[in-house]
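Chemist: here are the coordinates; sequence isn't available:
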Ligand code: AMP
Ligand code: MN
Ligand code: MN
Ligand code: MN
């Protein structure tokens, strides 16, 4: 089967999405998605429910994850798709990443307390359905609830981005680790939403050189956070590096996302879609 509408990037309550995995599956199917990967941040915890729900609605399902890394001090996200979720390298690496998230969240709480906003770690935890996976998105939702900003975007802008008082530096996984875990588990590594990183053209090429040298095979050309110019630019880079191209909404929830599941542009027709690598 050739998917007409694949979406290989979205989130559930297993990380910082707003809908449980089964509801994300049903919403994807209702939106016309016919091949779907759930890619929660640093956890495989939603995949079993997602797979069952996808089967129930006739949706082809591919296991996925979005791994948080830093490359030369820049935070980057690497999506993995089509792996064996039981592989210990991947699950063990992700477990260590989640422990780091808890420690970072405590430091974020301390940093915000220092500017006169106490109790934010505990408050953010109440927004995390999976207490094992706390993200800045949970902090943002709690801070909106106590009136610190009018929406999540405002909280990020003034409190949770580099240079702002609630942002703390953190050691994530390395590019080598993330690509290694994914490929050890038989999956395909994909650079997520490359248009979102604040990298010069030269540094983007150095990132892609390193990624390719480590065995990375894919790049998200179409993303909910990409402009049409990003699509043209990253399609050119996909051709240059002979990467397979991925496509994903990065859907987090009905009120909080750039676009809904499956509602993104099609890939440029000459690119090799990433699902070809394992279907
Ligand atoms: P973390 O992985 O804990 O650093 O949190 C990153 C998550 O925060 C992303 O995956 C998004 O869900 C969310 N996020 C990051 N920047 C923004 C923004 N400007 N507006 C809304 N959500 C954001
Ligand atoms: Mn997120
Ligand atoms: Mn991301
Ligand atoms: Mn994402």
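Modeler: Looks like it came in fine. Just so we're clear, the structure is a prediction, and the values are computed from it rather than from any experiment. Numbering: from 1, shown residues only. Ligands and ions are numbered 1, 2, ... in the order given.
Chemist: Residue numbers of the stretch 151-279 of the chain in contact with ligand 1?
Modeler: 152, 153, 156, 252 (CB under 6 Å from any ligand atom). To be clear about C-beta, it is placed using only N, CA and C from the backbone, and glycine gets the same treatment.
Chemist: of those residues, buried ones?
Modeler: 152, 156, 252 (16 or more other CB atoms under 10 Å).
Chemist: For the last one, which residues are in contact?
Modeler: Neighbouring residues of residue 252 by CB atoms under 8 Å, 6 or more residues apart in numbering: 10, 11, 16, 17, 18, 137.
Chemist: mind running it again at 7 Å?
Modeler: Taking CB atoms under 7 Å, 6 or more residues apart in numbering as the criterion, residue 252 is in contact with 11, 16, 17, 18.
Chemist: What sits closest to the last one if chain neighbours are left out?
Modeler: Here the nearest residue to residue 18 in space, its sequence neighbours aside, is residue 253; by CB to CB, 6 or more residues apart in numbering that works out to 2.8 Å.
Chemist: confidence score at the one you found?
Modeler: Turning to residue 253, the model gives it a pLDDT of 97.
Chemist: what about the closest residue to ligand 4 within the stretch 151-279 of the chain, how many residues close to it?
Modeler: Going by CB to the ion, ligand 4 is nearest to residue 250 of the stretch 151-279 of the chain, at 4.5 Å. Other residues within reach of residue 250, judged by other CB atoms under 10 Å, total 25.
Chemist: what's the spacing between the nearest residue to it once chain neighbours are set aside and residue 264?
Modeler: Closest residue in space to residue 250, ignoring its immediate chain neighbours: residue 224 at 4.4 Å, by CB to CB, 6+ apart. When CB to CB, to the nearest Å is applied, the distance between residue 224 and residue 264 equals 6 Å.
Chemist: Find residues that contact each of those two.
Modeler: residue 249.
Chemist: What about the buried ones among the residues of the stretch 151-279 of the chain next to ligand 1, which are in helices?
Modeler: residue 152 (DSSP state H).
Chemist: which of the buried ones among the residues of the stretch 151-279 of the chain next to ligand 1 lies closest to residue 74?
Modeler: Of all these, residue 156 has the smallest distance to residue 74: 17.0 Å, by CB to CB.
Chemist: Isn't that closest one up against residue 140?
Modeler: Yes. Between residue 156 and residue 140 there is a contact at 6.0 Å, judged by CB atoms under 7 Å.
Chemist: Could you list the contact residues of the stretch 1-150 of the chain toward ligand 1?
Modeler: So the stretch 1-150 of the chain meets ligand 1 at 16, 41, 68, 135, 136, 137 (CB under 6 Å from any ligand atom).
Chemist: can I get these in CSV with secondary structure and pLDDT?
Modeler: Shown next, in CSV, are those (DSSP: H, G, I helix; E, B strand; the rest coil; pLDDT from 0 to 100):
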residue, secondary structure, pLDDT
16, coil, 98
41, strand, 98
68, strand, 98
135, coil, 98
136, helix, 98
137, helix, 98
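Chemist: what packs against the helix or strand harbouring residue 181?
Modeler: Element membership for residue 181 (DSSP states H and E) is helix 175-184. Contacts defined by 3 or more CB pairs under 7 Å, 6 or more residues apart in numbering; DSSP states H and E place helix 175-184 against strand 60-71, strand 74-81, helix 88-114, strand 188-191, helix 201-213.
Chemist: The third one: what's the following helix or strand?
Modeler: Downstream of helix 88-114, the next assigned helix or strand under DSSP H and E is helix 120-127.
Chemist: where's that following helix relative to the chain centroid, distance-wise?
Modeler: With CA atoms, centre = their mean, to the nearest Å as the basis, helix 120-127 stands 21 Å off its chain's centre.
Chemist: How about stretch 86-97?
Modeler: That offset, for stretch 86-97, works out to 16 Å (CA atoms, centre = their mean).
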